[in-house]
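Undergrad: Fold the following.
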Amino acid sequence: MANVLTKGVAMRDVVSAGEGVIPAHGGVLVNGMVDAPRAAELQAASRDWPSWDLTPRQLCDLELLLNGGFSPLRGFMTRADYDGVCESMRLADRTLWPMPITLDVPEAFAQSVAPGAVVALRDAEGVMLAALHVEDVWMADRTREAELVFGTTDALHPGVAALERSHPYYIGGRLEGVQAPSHYDFASLRLTPAQVRGEFRARGWSRVVAFQTRNPMHRAHQELTLRAAREAGANLLVHPVVGMTKPGDVDHYTRVRCYESLISSYPAGTAALSLLPLAMRMGGPREAMWHAIIRKNFGCTHFIVGRDHAGPGKDAAGKPFYGPYQAQELLRANQAELGITIMPFQMLVYVAGLDTYVPENAVPEGHQALTLSGTELRKILNTGGEIPSWFTFPSVAQELRRTHPPRARQGVTVFFTGLSGSGKSTIANALMVKLLEDGNRPVTLLDGDLVRKHLSAELGFSMEHRNINIRRIGYVASEITKNGGLAICAPIAPYDSVRREVRRMIEPVGGFVLVHVATPLDVCEQRDRKGLYAKARAGILQQFTGISDPYEVPTDADIAIDTDGCSPDAAADEIIAFLVRAGYMTAAPVAVAEARLEQFQESQVA
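TA: Residues are numbered from 1 along each chain as shown. All right, here's what the predicted structure looks like:
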């Protein structure tokens, strides 16, 4: 562990040692934690205060506010700071700062506090982490925030999507930290800015290049960081994000094991690894500037900015949200004020004929450049293929295979949606039996009526309660999927937004297949085995989907089945055939499924 930063360095021992490495942003490295007597005083007083349980994003923000990673901020932004940051990337005192750091709360909670109040901020277990001295409470214009900060209101942008899901009111004010958030994973790598600065000073590192990443590192990343360190005459801090990243990213447990295996490949004593509990917004150029400021606060003198830094992908029209080198341009324009040296790099590609990596704009004529995108890597992992040796190190490939087995060994959720009486439960039961017959995975059926009875008996049928019910089903399905099982869910699930939420919940841990049982309303009503439609038409049943409550037809269904003229057996076989084609099942049962489908199609023709 020689290249891993020292374990267990106490903050009070390194604050003075860290001074002089490079000034923190704004001139002073903030320490938001109070001493023990003050902490006891705040905890005793908190019995009379309102409490707020922090969301995962807020918890990440709080940690970096308290430990100085967000210096010069001393709390969640007031309205003046928020407006200045959104409009001009500057705090109210004109300090450069690109990203709003806000505490969002529901209207009811916002109305219960006012400037001058104190709020106890707690983690998910109810532990008080900090006291927030309220200075401002206001209703945010989140659409305007999205336009100004992210340059778009397209919900395909992860930052915009997170804003849409956030609460409508913001509370700003100064923080007093009582206890740092608890982490039980990789504790020796979770160092504060003061601890990292102290370690740099102890090692005699006066010039340090920081490398930001939210992905596993491969050979191109190692080559890029080696070049940056040589060019700057500096040592290297590999500083990956382990808070919240882009949905679908490799989990941080896998990534950190990859980083630990890679760090020893650098020349001895030249590189170190530490973890950053940041909640990324995927904000492109603004995010890149934010990342640079954070690394400055951690004591780094140089910062690598690559191609499409913190890029969120493409918009609804298929166009990238930001230009590939737009972040580099923004940081270069503000480098003097940022106070950290920006190191822009082109993307490196592998030239097979030369057995080396070169910038993408410097490939010699007559030579072929090789790259492997994240999508291509996922395809190789899903099919159990061989990861090219020129792309990554054997130890990294081994870690990726360990936590990302081929699809045939991954968990998967088959999520049905459709009107009452459409045939969801019947098909789901037929599918369950066939999958149990196959015996490849443990299978769990989460039928809508059974879930209502056992998990959601207290819920009604308002939109809010329906969404709570679907989230519960999604959570249970995600746990089954994460552990390699097959979950079959068969609720009505009438609303598009919560169906997409469940997809986002499950896809990072396994497969998700949305099946729309598209049986027309008139056919469902004719069946009416339980007499529900008749009661709904008579006004006895309120908020009944398809009659007095809407059903939003999915546009992202993987399979659509109309059961009018299609047997449950044939429908289940169609789903099995899809699972085989997608790689979630081996080819063994496909012949049976295809034969059954062929039989059904022939009977229809006859």
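Undergrad: drop to CA atoms for contacts and neighbour counts, all remaining ones
TA: Noted.
Undergrad: Next, count neighbours for the nearest residue to P98 once chain neighbours are set aside.
TA: Residue nearest to P98 in three dimensions, not counting chain neighbours: M89, with 4.3 Å by Cα to Cα, 6 or more residues apart in numbering. By other Cα atoms under 10 Å, 22 other residues sit near M89.
Undergrad: V118 now?
TA: 23.
Undergrad: For it, which residues are in contact?
TA: The contact partners of V118, by Cα atoms under 8 Å, 6 or more residues apart in numbering, come to W49, P50, A131, L132, H133, V134.
Undergrad: please redo it, this time with the cut-off set to 7 Å
TA: W49, A131, L132, H133, V134 (Cα atoms under 7 Å, 6 or more residues apart in numbering).
Undergrad: repeat for A292
TA: Taking Cα under 7 Å, 6+ apart, we find A292 in contact with F303.
Undergrad: Swap in 8 Å and give it another go.
TA: F303, L338, I340.
Undergrad: among those residues, who's most crowded?
TA: In terms of neighbours by other Cα under 10 Å, those top out with F303 at 26 neighbours.
Undergrad: on that earlier part again, just give me the closest of the contacts of A292 to A352.
TA: Relative to A352, the closest of those is F303; by Cα to Cα it sits at 29.1 Å.
Undergrad: give me the element the residue lying closest to W52 once chain neighbours are set aside is part of.
TA: Of all residues not flanking W52 in the chain, L121 sits nearest, at 5.1 Å (Cα to Cα, 6+ apart). Assessed by DSSP states H and E, L121 sits inside strand 118-122.
Undergrad: tilt between the longest strand along the chain and strand 118-122?
TA: Ordering each strand of the chain by length in residues (DSSP state E) puts strand 128-139 first. Interaxial angle, strand 128-139 versus strand 118-122 (axes from the mean of the first three to the mean of the last three Cα atoms, to 10 degrees): 120 degrees.
Undergrad: thinking again about what came up before, tell me the contacts of the residue nearest to P98?
TA: M89 neighbours (Cα under 8 Å, 6+ apart): L96, W97, P98, M99.
Undergrad: List only those of these flagged as buried.
TA: Buried positions within the contacts of M89, assessed by neighbour count (16 or more other Cα atoms under 10 Å), are L96, W97, P98, M99.
Undergrad: which among those gets closest to V363?
TA: For these, the minimum distance to V363 (Cα to Cα) is 35.2 Å, reached by P98.
Undergrad: wouldn't the closest one be in contact with G84 here?
TA: No. Between P98 and G84 there is no contact under Cα atoms under 8 Å: 9.3 Å.
Undergrad: any shared contact partners between those two?
TA: Common neighbours of P98 and G84 (Cα under 8 Å, 6+ apart) are R90.
Undergrad: Would you mind measuring from E125 to D104?
TA: As judged by Cα to Cα, to the nearest Å, E125 and D104 stand 19 Å apart.
Undergrad: between those two, which one's more packed in?
TA: More neighbours surround D104 than the other of E125 and D104, with 24 against 7 (other Cα under 10 Å).
Undergrad: That one pairs with what?
TA: The partner list for D104 in beta bridges (DSSP bridges) reads Y170.
Undergrad: List the contacts of it.
TA: Neighbours of D104 in contact, by Cα under 8 Å, 6+ apart: S166, H167, P168, Y169, Y170, I171.
Undergrad: Repeat the analysis, applying 10 Å as the threshold.
TA: Contact partners of D104, counting by Cα atoms under 10 Å, 6 or more residues apart in numbering, are 54-55, 58, 76, 110, 137-140, 163, 166-172.
Undergrad: Hmm, E501 is touching G474, no?
TA: Yes. Using Cα atoms under 10 Å, E501 is in contact with G474, at 8.5 Å.
Undergrad: More neighbours: which of those two?
TA: Ranked by neighbour count (other Cα under 10 Å), E501 and G474 place G474 first, with 25 against 14.
Undergrad: which residue sits closest to the more buried one in space, ignoring its chain neighbours?
TA: Here the residue nearest G474, using Cα to Cα, 6+ apart, is V502, at 5.2 Å.
Undergrad: Tell me how many other residues surround that neighbour.
TA: Residues near V502, counting by other Cα under 10 Å: 20.
Undergrad: quick check, it in a helix?
TA: Yes. Under DSSP: H, G, I helix; E, B strand; the rest coil, V502 sits within a helix.
Undergrad: which parts of the biggest helix by length in the chain are buried?
TA: In the chain, taking DSSP state H as the definition, the longest helix is helix 463-482. Within helix 463-482, the residues scored as buried using 16+ other Cα under 10 Å are 466-467, 469-474, 476-482.
Undergrad: My guess is C60 contacts H183. True?
TA: No. Here C60 does not reach H183: they are 11.4 Å apart, not a contact under Cα under 10 Å.
Undergrad: Looking at those two, which is more packed in?
TA: C60 (20 against 8).
Undergrad: Now that one: which helix or strand?
TA: Here C60, judged by DSSP H and E, is contained in helix 56-67.
Undergrad: distance between that helix and the chain's centre?
TA: Per Cα atoms, centre = their mean, to the nearest Å, the displacement of helix 56-67 from the mean C-alpha position of its chain is 16 Å.
Undergrad: Give me the nearest residue to S425, chain neighbours excluded.
TA: Distances taken as Cα to Cα, 6+ apart put A490 closest to S425, at 5.9 Å, once the chain neighbours are dropped.
Undergrad: Ok, Y551 next?
TA: Once flanking residues are discounted, Y551 sits nearest to P494: 4.7 Å by Cα to Cα, 6+ apart.
Undergrad: any weak-confidence spans in the protein?
TA: Within the chain, the stretches with pLDDT under 70 are 1-20, 587-606.
Undergrad: where exactly do the helices run in the stretch 51-200 of the chain?
TA: Under the criterion DSSP state H, counting those that start in this stretch, the stretch 51-200 of the chain contains helices at 56-67, 79-88, 107-111, 142-145, 158-165, 193-203.
Undergrad: List the neighbours of the fourth one that are in contact with it.
TA: Right, helix 142-145. Applying Cα under 10 Å, 6+ apart, the set of residues contacting helix 142-145 is 82-83, 85-87, 100, 148, 150-153, 160, 163-164, 166-169.
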